[in-house]
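Visitor: Test case, fold it:
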Amino acid sequence: MKPDGSLEGLETEMRNLKVPWLETLSTQEMLHVMNSADQSVPTLVGEQIGDISKAVDLIVERLQQGGRLFYVGAGTSGRLGVLEAAECPPTFNTDPAMIQAIIAGGPKAVWEAVEGAEDDADLGQRAVEEHGIVNGDVMVGSSASGRTPFVLGALRKAKQKGAWTISVNCNQDPETQRYSDITIVVPTGSEVIMGSTRMKAGTATKLVLNMLSTGAMIRLGKTYRNLMVDLKPTNYKLKERAKRIVMSAARVDYTMAETLLIQANYEVKAAIVMSLLNVDLVQATELLDQNPWVLNHLHTDL
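Guide: Prediction:
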């Protein structure tokens with residue numbers, strides 16, 4: 001499928017006539033204009049919480065059943081999907097295969113523009129085949145315009161395969177809704193620089209994708225009392241963070257937190273369970289395997 005080439009009617013592509021000519025302003029004035037425009041984004045995202053909530057619950061259902069989550073996009077939207085997928089393993093100790101990203105143009109497009117890749121719906125369909133997306137998986141297709149051919153092709157093929165599909169868009173009545181079980185629209189409107197959807201639209205997309213990932217991880221038992229208890233401590237900073245998490249969750253001092261983590265092979269959640277339930281690592285691991293939410297079921301006074 002080829003793009004129709006028409007951007008007429010897309011609010012994100014329109015010129016914002018309320019914005020003064022930025023190049024005539026002082027640097028501070030220019031930045032104030034940009035900041036003022038950005039302030040509308042969180043409110044617009046908040047108005048879509050209902051649909052975002054449905055999407056989180058759908059993602060959780062699929063992940064609990066062994067399915068995978070795929071973020072798909074082109075350009076800025078694609079790179080934001082890569083960011084979400086890349087940050088889940090260290091933050092929530094997920095298997096890298098659980099949450100993946102597909103960007104038009106492949107890995108090279110993370111660093112530089114791959115011209116024409118986003119215009120090819122066949123490439124989007126092929127990416128679905130290459131990643132083995134099947135019934136049981138879920139795909140989130142991000143497209144500020146709501147009409148990016150690569151994303152449309154990927155969503156259509158994923159739906160044909162039986163995967164559940166979600167789209168994140170910044171224009172009303174997006175074409176992606178034809179292939180989406182849930183359509184999330186954050187109407188960010190025209191940008192301060194005409195067509196530069198890496199600005200407000202990009203910010204909105206980032207906020208939504210962050211909610212989808214984080215919300216799903218919370219529902220999967222990856223947090224306890226707002227602590228990242230499934231953190232994967234792979235460097236000094238994260239190991240120190242892990243100690244502070246254990247100190248707060250288990251109410252122990254720094255030395256005991258370090259001891260517990262060493263005994264637990266730096267599995268943070270296991271270390272907390274060992275302390276709160278007075279069990280060894282084997283028992284803690286068995287409890288967590290049986291019920292990942294075991295911490296959240298403990299008495300609130302613990």
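Visitor: use CA for all of it now, contacts and neighbours both
Guide: Will do.
Visitor: Now the spatially most central residue of the chain. Its backbone dihedrals?
Guide: By Cα atoms, centre = their mean, the chain has its centre lying nearest to L209, at 3.4 Å. When read as degrees, to the nearest 10, the backbone of L209 gives phi -60, psi -40.
Visitor: Test my guess that it contacts G81.
Guide: Yes: the pair L209 and G81 qualifies as a contact (Cα atoms under 8 Å) at a distance of 7.3 Å.
Visitor: Do a quick rundown of the strands in the stretch 51-200 of the chain.
Guide: 69-73, 99-103, 138-143, 164-169, 182-185 (DSSP state E, counting those that start in this stretch).
Visitor: what comes up buried for the shortest one?
Guide: Of the residues in strand 182-185, those buried by neighbour count under the rule 16 or more other Cα atoms under 10 Å are I182, T183, I184, V185.
Visitor: Just give me the neighbour total for the closest residue to the third one other than its chain neighbours.
Guide: Translated: I184. By the measure of Cα to Cα, 6 or more residues apart in numbering, the closest residue to I184 outside its immediate chain neighbours is V168, 4.8 Å from it. Applying the criterion other Cα atoms under 10 Å, we find 28 residues in the vicinity of V168.
Visitor: How about L25?
Guide: A count of neighbours around L25, defined by other Cα under 10 Å, yields 12.
Visitor: how close does it get to A257?
Guide: Distance, L25 to A257, by Cα to Cα, to the nearest Å: 54 Å.
Visitor: Same question for G46.
Guide: If you measure G46 against A257 using Cα to Cα, the figure is 38 Å.
Visitor: S196 too?
Guide: Applying Cα to Cα, one obtains 48 Å for the distance of S196 from A257.
Visitor: same for the helix or strand hosting A216, what does it pack against?
Guide: Using DSSP states H and E, A216 falls within helix 200-219. In this structure, helix 200-219 packs against helix 27-38, helix 40-46, helix 49-64, helix 75-92, strand 164-169, with contacts taken as 3 or more Cα pairs under 8 Å, 6 or more residues apart in numbering; DSSP states H and E.
Visitor: Pick the most buried one from the ones you listed.
Guide: Mean neighbour counts were compared across the helices and strands packed on helix 200-219 using mean count of other Cα atoms under 10 Å; the top stretch is strand 164-169, at a mean of 28.
Visitor: what's the average pLDDT for the helix holding A216?
Guide: The pLDDT scores in helix 200-219 average 96.
Visitor: Just the CA trace of it, in CSV.
Guide: Extracted in CSV, the C-alpha atoms of helix 200-219 (Å, rounded to 0.1, in the frame of the first residue of the first chain):
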residue,chain,number,x,y,z
LYS,A,200,3.8,18.0,21.3
ALA,A,201,2.8,14.8,19.5
GLY,A,202,6.0,13.2,20.5
THR,A,203,5.5,14.2,24.2
ALA,A,204,2.0,12.8,24.2
THR,A,205,3.1,9.5,22.6
LYS,A,206,5.9,9.2,25.2
LEU,A,207,3.4,9.8,28.1
VAL,A,208,1.0,7.2,26.7
LEU,A,209,3.5,4.5,26.0
ASN,A,210,5.1,5.1,29.4
MET,A,211,1.6,4.6,31.0
LEU,A,212,1.1,1.4,29.0
SER,A,213,4.4,-0.2,30.0
THR,A,214,4.4,1.0,33.6
GLY,A,215,0.7,0.3,34.2
ALA,A,216,1.1,-3.2,32.9
MET,A,217,4.2,-3.9,35.0
ILE,A,218,2.4,-2.7,38.2
ARG,A,219,-0.5,-5.1,37.4
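Visitor: Please state the offset of that helix from the chain centre?
Guide: Centroid separation between helix 200-219 and its chain, computed with Cα atoms, centre = their mean, to the nearest Å, is 5 Å.
Visitor: where are the low-confidence patches of the stretch 201-302 of the chain?
Guide: By pLDDT under 70, the weakly predicted segments of the stretch 201-302 of the chain are 299-302.
Visitor: residue boundaries of the strands in it?
Guide: In the stretch 201-302 of the chain, no strands are found when defined by DSSP E, counting those that start in this stretch.
Visitor: Neighbour count: S196 and A257, which is higher?
Guide: Neighbour comparison, S196 and A257: the larger count goes to A257, with 26 against 14 (by other Cα under 10 Å).
Visitor: Just give the closest residue to G215, not the sequence neighbours.
Guide: Nearest in space to G215, with sequence neighbours left out and distances taken as Cα to Cα, 6+ apart, is V56 at 6.1 Å.
Visitor: An error on my part: the question was meant for L260.
Guide: Ranked by Cα to Cα, 6+ apart and with sequence neighbours excluded, the top spatial neighbour of L260 is A271, at 5.3 Å.
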